[in-house]
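give me coordinates for this.
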Amino acid sequence: FYRFLVGSFYQPLDSIEQYFGEKVAFYFAWLQHCAGNLVVLSFFGLIVTICQLSAGQWDHPIRPFFSIIVMLWSFFTLVSWRQRQSALAYRWGNMDHKIQETTRPQFKGQYRRDRVTGEYIVYYPTWKRYLKYLISFPITAAFTAGTLLLILHVHANRDQFLVRYLEQKVDPGSKPFEMDFSLAAIGKPKSITSVELNRDHLMDPTFWYIMIGLPSLLGLCLPILNFILMKICIMLTEFENYRTESHYRTALIVKVFSFRFVCYFAALYYYCLLSVGDKQAIDNGIVRVGTGEMIYLT
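As a prediction, the model looks like this:
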C-alpha cells in the first residue's frame, strides 16, 4: 500500500531517463503530474458529493460551479505541465532537440537518385497514398460507426428493459420486454424520464441487475473490439506506406482516436442529450452515466 500510494506521486525520473531514455521518462513524468493535480480535483469532487448526499438530490445547484472549477483545473494542469516539461527537457539536455529520422525498414518504393545529394533514395508517390486513403478511412469509419450503434443500442435496450420491469411489477400482465435493434429504439426520452428513482427502486436488487447487466457485457466486449480495430488500423497504416516513424504513428493515432472516443464517451453524450427537462430526467441521466462510467473503469 505504501509503494502504491507513494509511487503514484513520486517517480525516479532521472534514473528512468538514464536507463530508458527521455521518451519513457516524459511518460512517467506526465503520470506523476496528473496524479498530483487529480488530488486537488478530487477534494472539490468530494465536497460536491457530500452536498449531493446531504441534500438528497443529484442535481445540486453546486454542480455548475464544479464544472467551472474543472475547466480552470484543466487549464492550470496543461499550463503547469508545459513548464514542467520545459524544466525536465533543460535538465536532461534535450531542449529544442530534434531527432533526424531515418526511413522505416517497412517503407516500400522505387529507388531514385536524389537531385541534391546524388544518393539513391526510396521514392513513393504521394498520390498513391491518397488513393489508399479512400480504402483505409471508410473501413475505419464503418467500424467506428458500427461500434457507436452497438453502444447506443445496448443503452437504449437497457432503458426499455428497466421500464418493462417496473411496469410488470405494477401490472404482471403487461407486455414483456423484447430486444429491439432497430434505429427507432435509439433516442427515446420516455424510457429515461418514466423511471422514478425512489427508495423502493434503488433498494431493489433486480433494478441494479438490469442497470449494470447489459453495460457490463458491453464493457467485456469493448476490449475485444479495441483489439480487433488495433490490428485493422496497424494493417491499414502499413498499407498506406509511410516513410518515417513519426508519420506512421500519427496516422495510426488518428484512426484509433475516433474509435476510443466513441467507446468511452458515447454513453455520456447520449444521456446528456436525452436527460433534459424536469428533475427526474436529470437524476436518471446522472445515475445512468455514473453507473456506466463505474463499469467501464472497473
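
please tell me how far whatever helix or strand residue 83 lives in is from the chain's geometric centre.
Assessed by DSSP states H and E, residue 83 sits inside helix 63-91. Here helix 63-91 shows a centroid-to-chain-centroid distance of 20 Å under the convention Cα atoms, centre = their mean, to the nearest Å.

and it, what does it pack against?
Under the contact criterion of 3 or more Cβ pairs under 8 Å, 6 or more residues apart in numbering; DSSP states H and E, helix 63-91 touches helix 22-55. In this view, the C-beta of every residue, glycine as well, is placed from N, C-alpha and C.

packing partners for the helix it packs on?
Using 3+ Cβ pairs under 8 Å, 6+ apart, helix 22-55 sits against helix 13-20, helix 63-91.

picking that back up, mean confidence for the helix or strand following the helix holding residue 83?
With elements assigned by DSSP H and E, the helix or strand that comes after helix 63-91 is strand 110-113. The average pLDDT for strand 110-113 rounds to 85.

now do the most centrally placed residue in the chain, the pLDDT please.
Using Cα atoms, centre = their mean, the residue of the chain that lies closest to the mean C-alpha position is residue 264, 3.7 Å off. Note on residue 264: pLDDT of 79.

what helix or strand is it located in?
Per DSSP H and E: helix 245-274 holds residue 264.

now for that helix, which elements pack on it?
Counting by 3+ Cβ pairs under 8 Å, 6+ apart, helix 245-274 packs on helix 126-170, helix 205-240, helix 279-297.

relative to helix 205-240, how tilted is that helix?
150 degrees (axes from the mean of the first three to the mean of the last three Cα atoms, to 10 degrees).

what is the orientation angle of helix 245-274 with helix 279-297?
150 degrees.

for helix 245-274, buried residues please.
248, 251-252, 255-256, 258-260, 262-263, 266-267, 270-271, 274 (16 or more other Cβ atoms under 10 Å).

which residue lies farthest from the center of this protein?
residue 118 (47.8 Å).

phi, psi for that one please.
phi 80, psi 0 (degrees, to the nearest 10).

okay, it and residue 76: tell me how far apart.
Distance from residue 118 to residue 76, counting by Cβ to Cβ, to the nearest Å: 53 Å.

one more: residue 237?
Taking Cβ to Cβ, one finds residue 237 at 35 Å from residue 76.

any low-confidence regions in this protein?
Applying pLDDT under 70 to the chain flags residues 1-8, 95-100, 174, 189-195, 197, 275-278, 298.

now, which of the buried residues of helix 245-274 sits nearest residue 32?
residue 260 (23.3 Å; Cβ to Cβ).

for that closest one, give me its contacts.
Residue 260 sits next to residue 226 when contact means Cβ atoms under 8 Å, 6 or more residues apart in numbering.

if anything else comes up later, I'll come back, but that's it for now.
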